[in-house]
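Undergrad: dropping a prediction and its sequence here:
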There are 2 protein chains.
Amino acid sequence: MRLAELSERSGVSTATIKYYLREGLLTPGRQINTTTAEYDEEHLRRLRLIRAMIQVGRVPVATVKEVLGHVDDDSLPRAIRLGAAMWALPQVPEPDQDDEYVQAAHQEVSALLDQLGWENAKQLTTISPAYRSLVVAVAAFRRLGYGFGAELLAPYAELMHRTAVLDLDNMETYPSQAERIEFAILGAILNEPVLQALHRLAQEEESTRRYGFDE
Amino acid sequence: MRLAELSERSGVSTATIKYYLREGLLTPGRQINTTTAEYDEEHLRRLRLIRAMIQVGRVPVATVKEVLGHVDDDSLPRAIRLGAAMWALPQVPEPDQDDEYVQAAHQEVSALLDQLGWENAKQLTTISPAYRSLVVAVAAFRRLGYGFGAELLAPYAELMHRTAVLDLDNMETYPSQAERIEFAILGAILNEPVLQALHRLAQEEESTRRYGFDE
DNA sequence: TTCCTTGGGGAGTGCCACTATCCAAGCATC
DNA sequence: GATGCTTGGATAGTGGCACTCCCCAAGGAA
């Protein structure tokens, strides 16, 4: 398949595909001669994955490259590859450690992990981007005068733990390592929009049940 | 309080505050004379809300303006104000209705709502941005060859419904309408990063429990 | 021979969230 | 009353990002 066909089957313009090639998101096709290159189904698949990450997951191009680099790195064991890919995903900016709200949020989140017995996550507090994101968000709540301590967070964390169990159960239904890795990346990137959309739909449903369509 | 103090207490530069004033995100201070304006605690609070939306929620400036416009519109009943504010939040681009994957995803999501008995959400399918987001994400999964039908979505939806119940229960602990509205907006915007972070932390915890730190 | 298409590459575009600079007016201090 | 600072207002500029346009020389087709 040549560039034009790859473009047509993926719905991505040739100019954009060339851009992805330049940026190293997509491996070059098999060069037939100076003016022709041949692409295969794997290129199409990878291109669709890239589009899903960018359009649905709002992942920046540079981050997509980093994530795919980890996915393709056969030298790493699976758990590390997955973690590396996940941690490359966009995160909130580094919080100001001197900020009193950030410090208070840190205490609360740490207490939450103790309360939940998440021993493994606890070991990652200094490095995990997810932990940092959580601290920043809780600090933002506090700054605006709304409490969002461990007692309120715990039931949410419990529900999120159950979704994580579902995620991994689903992943384990795939037989091959390659599929599992890709599914896990997709799960991390596409599942979140799915959860977010379900959450908003559920909010609409529940608030209509409680308050009706108007008030 | 003057501009400089507002800047210092919020941690936002005066240049940026001026930009927000120009863009209409922040109402002008009380004009004392041609060269001085007085800001109050309400301005500081609003500014912090704006920063939380932009930095934690990644909401574009134009959207922040729209959301705040709905929040401040006293002419609308609460349920509508909330809905209007929520629906202004950034969403995935409009899906291509002719795309076969989008149509299949539409079927699946619709079947899911029937199965769950979400009658109210069902009525919103043609207009709700959350519904649209869900369809787009499910279509992206299918395009990559991973099934993500109603049978897999239902348990996630069940968990998301429970988080929505938590959201509304929390909201109802606030006595005043104004606080409830603001908390609900915050809940919509800041809660999602919180849920996302908890989800990723839970994934790290659970996958470490199953597979250990390396493999 | 003429024309079209190919891949490659550099430069340009449009949007966004600021950021920098300038200005005249005011107030505060010396 | 001169000096220096800050104020709000306005305009223009910056840097990043995700493309998008245009040109090129080489190859294949009519």
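TA: Received the coordinates, thanks.
Undergrad: which residues of chain A score low on pLDDT?
TA: Under the criterion of pLDDT under 70, the regions of chain A flagged as low confidence span A:78-79, A:90-91, A:212-215.
Undergrad: what does it have sitting close to DNA strand C?
TA: On the criterion CB under 7 Å from any atom of the strand, DNA strand C has as its neighbours in chain A the residues A:2-4, A:14-15, A:18, A:21-22, A:28-29, A:31, A:35-37. For glycine as for every other residue, the C-beta is placed from the backbone atoms N, C-alpha and C.
Undergrad: repeat that for 10 Å
TA: For chain A, the contact set with DNA strand C under CB under 10 Å from any atom of the strand comprises A:1-8, A:14-15, A:17-19, A:21-22, A:26, A:28-29, A:31-39.
Undergrad: which residue is the nearest non-sequential neighbour of residue A:193?
TA: Excluding the flanking residues, the one nearest residue A:193 by CB to CB, 6 or more residues apart in numbering or on different chains is residue B:137, at 4.5 Å.
Undergrad: which residues are in contact with the strand or helix carrying that neighbour?
TA: Taking DSSP states H and E as the definition, residue B:137 sits inside helix B:129-143. Under the criterion CB atoms under 8 Å, 6 or more residues apart in numbering or on different chains, residues A:48, A:51-52, A:55-56, A:186, A:190, A:193-194, A:196-198, A:200-201, A:204, B:87, B:89, B:91-95, B:99, B:101-102, B:104-106, B:108-109, B:121, B:124-125, B:147-148, B:153 lie in contact with helix B:129-143.
Undergrad: buried ones among the residues you listed?
TA: Under a neighbour-count criterion of 16 or more other CB atoms under 10 Å in any protein chain shown, the subset of the contacts of helix B:129-143 counted as buried comprises A:48, A:51-52, A:56, A:186, A:190, A:193-194, A:196-198, A:200-201, A:204, B:87, B:89, B:91-92, B:95, B:101-102, B:104-106, B:108-109, B:121, B:124-125, B:148, B:153.
Undergrad: out of those, which are inside helices?
TA: By the criterion of DSSP state H, membership of these in helices covers A:48, A:51, A:186, A:190, A:193-194, A:196-198, A:200-201, A:204, B:87, B:101-102, B:104-106, B:108-109, B:121, B:153.
Undergrad: residues near the residue nearest to residue A:193, how many?
TA: Counted with other CB atoms under 10 Å in any protein chain shown, the burial measure for residue B:137 works out to 28 neighbours.
Undergrad: so how far is DNA strand D from the residue nearest the centre of chain A?
TA: Note on chain A: the residue nearest the mean C-alpha position is residue A:189, at 3.4 Å, using CA atoms, centre = their mean. Spatial separation of residue A:189 from DNA strand D under the definition CB to the nearest atom of the strand, to the nearest Å is 14 Å.
Undergrad: so that residue touches residue A:89, yeah?
TA: Yes. When contacts are counted by CB atoms under 8 Å, residue A:189 is listed as touching residue A:89 (7.0 Å).
Undergrad: what touches both of those two?
TA: With the criterion set as CB under 8 Å, 6+ apart, the overlap between the contacts of residue A:189 and residue A:89 is A:59, A:67.
Undergrad: contact partners for the residue in chain A positioned nearest to DNA strand C?
TA: Of the residues in chain A, the one nearest DNA strand C is residue A:3, at a distance of 2.6 Å by CB to the nearest atom of the strand. Under the criterion of CB under 8 Å, 6+ apart, the contact list for residue A:3 reads A:14, A:17, A:18, A:29, A:37, A:39.
Undergrad: domain assignment for chain A?
TA: With domains defined by automatic domain parsing, chain A comprises A:3-86, A:94-211.
Undergrad: deepest-packed of those domains, please.
TA: Stretch with highest mean neighbour count among these: domain A:94-211 (a mean of 19; mean count of other CB atoms under 10 Å in any protein chain shown).
Undergrad: tell me who's in contact with residue A:45.
TA: B:144, B:145.
Undergrad: C-terminal to the one helix or strand it maps to, what's the next element?
TA: Take DSSP H and E as the rule and residue A:45 turns out to sit in helix A:41-51. Later in the chain than helix A:41-51, the nearest helix or strand by DSSP H and E is helix A:61-72.
Undergrad: that following helix to helix A:41-51, inter-axis angle?
TA: Relative orientation of helix A:61-72 with respect to helix A:41-51: 130 degrees, computed using axes from the mean of the first three to the mean of the last three CA atoms, to 10 degrees.
Undergrad: starting at the chain centroid, how far to helix A:61-72?
TA: Taking the mean C-alpha point of helix A:61-72 and that of its whole chain, the gap between them comes to 12 Å (CA atoms, centre = their mean, to the nearest Å).
Undergrad: so residue A:31 versus residue A:9, what's the distance?
TA: 20 Å (CB to CB, to the nearest Å).
Undergrad: is residue A:195 in contact with residue A:162, as I believe?
TA: No. Using CB under 8 Å, residue A:195 and residue A:162 do not qualify as a contacting pair, with a distance of 11.8 Å.
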